[in-house]
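Peer 1: how would this look folded up:
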Amino acid sequence: MKTLKNLVFACSAALAVGAFADAGNTLITFSTQHDTYADGTPVKDGEWYALCWSPNETFGGITADSKPAVAGDEIYLMAPLAKNGRCPTTVFQLDSKVAPTTGNYFVYMLDTRTASGDLAAAVDGKPVAASAQNKATANAASGDRTITVKTGTETVASAFTETAVPVGVGNPVIDKFEIVGTKARISVSGMHPALQYNVKAGATVAEIETLNDQPLQGDADGVTFEVDKDLGNFFKVVRQPLNKKAE
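Peer 2: Predicted structure coming up:
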């Protein structure tokens, strides 16, 4: 990721960019009208948006720990911009020393809600956990660094996709399984804090489809699920599936 000292952003209902813009800088003005998560609920205040770039026509996506999923792609800025169910008018200013004049720029909306429902914490200017991503807009870079304007766009809930699994993350491992009263207690290790996990169950190995109703955030020290023992005879730990609104 490029150093953030080379990038400035500002939000305003009516922004006079000429007051601060270097003539050589690239300016990207962006806003949305109405944003929802994949499950159809309105975006929370403080949700994150990311300004990304790729030399290709398609950006390769974002990992759950807020990095480019494909080598050669860039994330120039992540910021908690959402307010009142939308992204207000925002001007991204990229220093002329680092702003590409070829390739394509993209703005992505993230879903950084954790298993508790709260937005993920931030470290070094980026959320530590992002479960889903949604491309809000895209535009080709400009060789003469003209202002790129994309305002009033609207994200589509069904367009959300899961973020990529961080590099080096393996499958979770069930370390211990026991029945305690009416509950099946399942202790799990091999988890990543940027991902949410849950338990699926079924009557047979071929029918492990029923999802537990309470996901947990991954923890490097492991977590323990307690699920209804009648959920099934066989259990499997999975990444929490993306809950998309029915169309």
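Peer 1: what residue ranges in the chain score low on pLDDT?
Peer 2: Residues of the chain meeting the criterion pLDDT under 70: 1-23, 145-147, 245-247.
Peer 1: what comes up buried for stretch 171-184?
Peer 2: By neighbour count with 16 or more other Cβ atoms under 10 Å, stretch 171-184 contains the buried residues 172, 184. Yep, even glycine has a C-beta here, placed from its N, CA and C like the rest.
Peer 1: For residue 106, grab phi and psi.
Peer 2: Dihedral pair for residue 106: phi -140, psi 140, per degrees, to the nearest 10.
Peer 1: I'd like the numbering to begin with 46 instead of 1 from here.
Peer 2: Noted, 46 is the first residue going forward, which turns the last one into residue 151.
Peer 1: ok, it - contacts?
Peer 2: Contact analysis of residue 151 by Cβ atoms under 8 Å, 6 or more residues apart in numbering lists 96, 97, 98, 99, 104, 180, 182, 183.
Peer 1: ditto for residue 82
Peer 2: By Cβ under 8 Å, 6+ apart, the neighbours of residue 82 are 88, 156, 158, 177, 202, 205.
Peer 1: run the last query once more with 10 Å
Peer 2: Applying Cβ atoms under 10 Å, 6 or more residues apart in numbering, we find residue 82 in contact with 88-89, 92, 154-156, 158, 176-177, 179, 200, 202, 205, 287-290.
Peer 1: Residue 95 now?
Peer 2: Neighbours of residue 95 in contact, by Cβ under 10 Å, 6+ apart: 104, 107, 111, 113, 120-124, 126, 151-155, 171-172, 175, 178, 181.
Peer 1: who's it bridged to?
Peer 2: Residue 95 has these beta-bridge partners by DSSP bridges: residue 123, residue 153.
Peer 1: now residue 271
Peer 2: residue 230.
Peer 1: For it, give its distance to residue 115.
Peer 2: Going from residue 271 to residue 115 by Cβ to Cβ, to the nearest Å gives 38 Å.
Peer 1: same question, residue 212
Peer 2: Counting by Cβ to Cβ - residue 212 and residue 115 are separated by 11 Å.
Peer 1: more neighbours, the two?
Peer 2: residue 115 (14 against 9; other Cβ atoms under 10 Å).
Peer 1: Show the contacting residues for the residue in the chain sticking out farthest from the centre.
Peer 2: In the chain, residue 226 marks the outermost C-alpha relative to the chain mean, sitting 37.9 Å out by Cα atoms, centre = their mean. By Cβ under 10 Å, 6+ apart, residue 226 lies in contact with 271, 274.
Peer 1: Next: residue 129.
Peer 2: Counted by Cβ under 10 Å, 6+ apart, residue 129 has contacts 79, 87, 88, 90.
Peer 1: Filter the residues you listed down to the buried ones and express that as a PyMOL selection.
Peer 2: In PyMOL, a selection of the buried entries from the contacts of residue 129 looks like this (16+ other Cβ under 10 Å):
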select buried, resi 88
